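In: When you get a sec, could you give me coordinates for this:
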Amino acid sequence: MDKLIDHNKAKEFQQILKESEKIVLTCHVRPDGDAIGSCLGLWHLLKTLDKSPTVIVPDKAPVSLSFLPGFKEIGIYTSHKEFCEKTVEEADLIICCDFNTPSRQDTLAPVIQNAECRKVLIDHHTEPSNFTDLVFSYPKMSSTCELVFRIIAAMGLYDKVDRDCATCLMTGIITDTRNFTVNIKNPDIYDILMRLLEKDVDKDRIVKEALNTRSLTSLKLEAYALSQKMEIFPEHKCALITLDKGELKKYSYERGDTEGLVNRPLEIRGMIYSIFMREDPDCVKISARSCDNFPVSEICKTLYGGGGHIQAAGGEFHGSLEECRKKFLDHIGDFDKFLDKGYMGEE
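Out: Residues are numbered from 1 along each chain as shown. So this is what the prediction gives:
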């Protein structure tokens with residue numbers, strides 16, 4: 001399970017950990033299961049190594065992750081600015097999880113970047129920026145949590161993984177693979193699953209809490225989005241869903257309520273890719289998913305300055321929701337070339 005990891009880097013990371021005491025773990029804005037799972041998984045591991053770790057995130061994580069052990073100990077920058085800044089300032093080491101460039105941390109970015117301590121990046125997104133001293137970048141990994149587990153194994157610390165650590169890591173793997181149905185490049189991920197189950201992880205509970213439990217209003221919002229706002233473009237094998245601020249307010253939208261919505265149109269026979277646009281207070285958030293190796297990452301990168309994985313990507317648009325929608329529709333035909341012969345590019 002550690003054969004994909006650069007063992008020289010693993011040794012260097014282990015030495016850095018030995019030399020560090022106060023360690024900050026951080027992730028991207030609007031943290032998801034993989035971001036929180038990787039941070040908390042390492043948090044639990046570091047506690048068993050008698051370190052003093054703290055998880056600092058840019059803003060609140062969705063309530064669907066509140067079952068994770070250690071969730072209540074997370075420092076939220078938008079809520080506890082002074083505490084977070086002081087903790088980062090006093091840190092010996094900062095471990096950046098699940099993001100490839102400082103801009104993905106929003107207002108927390110300058111706080112992390114201005115810190116004078118050493119920094120380590122652990123991430124599975126493409127094209128990482130050069131902003132840390134040590135980089136673990138493996139875009140073919142299903143998730144950052146898979147990568148974290150492999151690094152732990154490479155450092156010979158599997159015996160230090162307790163049930164809480166394993167629960168957090170499995171949560172990130174499950175959420176980023178939609179319970180082992182997408183984003184799986186390495187078949188030995190199932191070996192990792194078995195190793196985590198050996199730690200007495202309750203996989204059924206993770207699936208229920210992180211993927212299959214939601215509020216009544218979020219369920220109604222999804223029903224509305226699919227029945228009233230989904231547009232189908234058969235000639236392009238594409239579906240588009242848009243939700244504006246008024247619609248989100250009507251259904252008492254909370255962060256995480258639209259998680260997974262972009263995947264639903266892919267259940268339609270013949271659909272190859274799906275785009276979801278949500279009007280947030282500061283921008284339009286774009287999420288894209290696909291099957292058959294269709295590169296939605298190209299759409300997000302070309303039109304919205306974003307990116308991600310071939311079949312799972314995102315971006316942002318600073319303008320109105322209708323302008324964002326129009327931009328996509330004006331260029332939708334540009335991406336038909338990937339439908340004709342498939343896409344064999346590498347992440």
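In: Which residue ranges of the stretch 151-300 of the chain form strands?
Out: 230-233, 238-243, 273-279, 284-290 (DSSP state E, counting those that start in this stretch).
In: any idea of the pLDDT on the residue lying farthest from the centre of the chain?
Out: In the chain, the greatest distance from the average C-alpha position (Cα atoms, centre = their mean) is reached by Glu235, at 31.0 Å. Predicted confidence (pLDDT) for Glu235: 96.
In: returning to that earlier point: redo the strands of the stretch 151-300 of the chain as JSON lines? Include mean neighbour count and distance to Leu65.
Out: From N, CA and C alone the C-beta is placed, and that goes for glycine too. Shown next, in JSON lines, are these (neighbours: other Cβ atoms under 10 Å; distance: least, Cβ to Cβ, whole Å):
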{"stretch": "strand 230-233", "mean neighbour count": "15", "distance to Leu65": "27"}
{"stretch": "strand 238-243", "mean neighbour count": "23", "distance to Leu65": "22"}
{"stretch": "strand 273-279", "mean neighbour count": "24", "distance to Leu65": "19"}
{"stretch": "strand 284-290", "mean neighbour count": "25", "distance to Leu65": "18"}
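In: right, and those - which one's nearest Leu193?
Out: strand 284-290 (22.5 Å; Cβ to Cβ).
In: Paired strands for the closest one, with orientation please.
Out: strand 273-279 (antiparallel), strand 312-317 (antiparallel) (DSSP bridges).
In: My read is that Ile206 contacts Leu169, right?
Out: No. Counting by Cβ atoms under 8 Å, Ile206 sits too far from Leu169 to count as a contact (10.4 Å).
In: higher neighbour count, those two?
Out: Leu169 (32 against 25; other Cβ atoms under 10 Å).
In: Who are the contact partners of that one?
Out: Residues near Leu169 by Cβ atoms under 8 Å, 6 or more residues apart in numbering: Gly37, Ser38, Gly41, Cys145, Val148, Phe149, Val161, Leu196.
In: mind checking how far it is from Gly307?
Out: Distance, Leu169 to Gly307, using Cβ to Cβ, to the nearest Å: 25 Å.
In: With adjacent residues omitted, what lies nearest to Asp334?
Out: Among residues not flanking Asp334 along the chain, Thr302 sits closest, at 7.8 Å (Cβ to Cβ, 6 or more residues apart in numbering).
In: helix or strand for the one you found, which one?
Out: helix 296-304 (DSSP states H and E).
In: Report all helices and strands that the next helix or strand after that helix contacts.
Out: Using DSSP H and E, the helix or strand that follows helix 296-304 towards the C-terminus is strand 307-309. If contacts are counted by 3 or more Cβ pairs under 8 Å, 6 or more residues apart in numbering; DSSP states H and E, strand 307-309 sits against helix 296-304, strand 312-317.
In: wait, which of these is closest to Leu329?
Out: helix 296-304 (10.6 Å).
In: May I see the buried residues of stretch 4-21?
Out: By 16 or more other Cβ atoms under 10 Å, the buried positions in stretch 4-21 come out as Ile5, Ala10, Phe13, Ile16, Leu17, Ser20.
In: Can you classify the fifth one as helix, strand or coil?
Out: It refers to Leu17. At Leu17, secondary structure determined by DSSP: H, G, I helix; E, B strand; the rest coil is helix.
In: Before we move on, what's the pLDDT of it?
Out: Model confidence at Leu17 (pLDDT) stands at 98.
In: Quick check: it vs Ala225, distance?
Out: 44 Å.
In: Over to the second one?
Out: In this structure, Ala10 and Ala225 are 44 Å apart, going by Cβ to Cβ.
In: The last one now?
Out: Between Ser20 and Ala225 the computed distance is 45 Å (Cβ to Cβ).
In: what's the answer for Lys81, then?
Out: In terms of Cβ to Cβ, Lys81 sits 34 Å off from Ala225.
In: more neighbours, these two?
Out: More crowded of Lys81 and Ala225, by other Cβ under 10 Å: Ala225, with 22 against 14.
In: List the contacts of that one.
Out: Ile241, Leu243, Thr258, Leu261 are the contacts of Ala225 under Cβ under 8 Å, 6+ apart.
In: got the angle for the helix holding Thr302 vs strand 238-243?
Out: Orientation check (axes from the mean of the first three to the mean of the last three Cα atoms, to 10 degrees): helix 296-304 against strand 238-243 gives 50 degrees.
In: Compute the mean per-residue pLDDT across helix 296-304, please.
Out: 96.
In: who touches that helix?
Out: 126, 273, 275, 286, 288-290, 306-317, 324, 327-328, 331, 334-335, 338, 347.
In: could you redo the last one with a cut-off of 6 Å?
Out: Contact with helix 296-304 is made by 273, 286, 288, 290, 306-308, 310, 313-315, 317, 327, 335, as judged by Cβ atoms under 6 Å, 6 or more residues apart in numbering.
In: cool, stretch 131-142 as well?
Out: 102, 118-124, 126, 128, 147, 176-177, 183-185, 189, 347.
In: Quick one: end-to-end length of it, please.
Out: 23 Å (Cα to Cα, to the nearest Å).
In: Nothing else from me, thank you.
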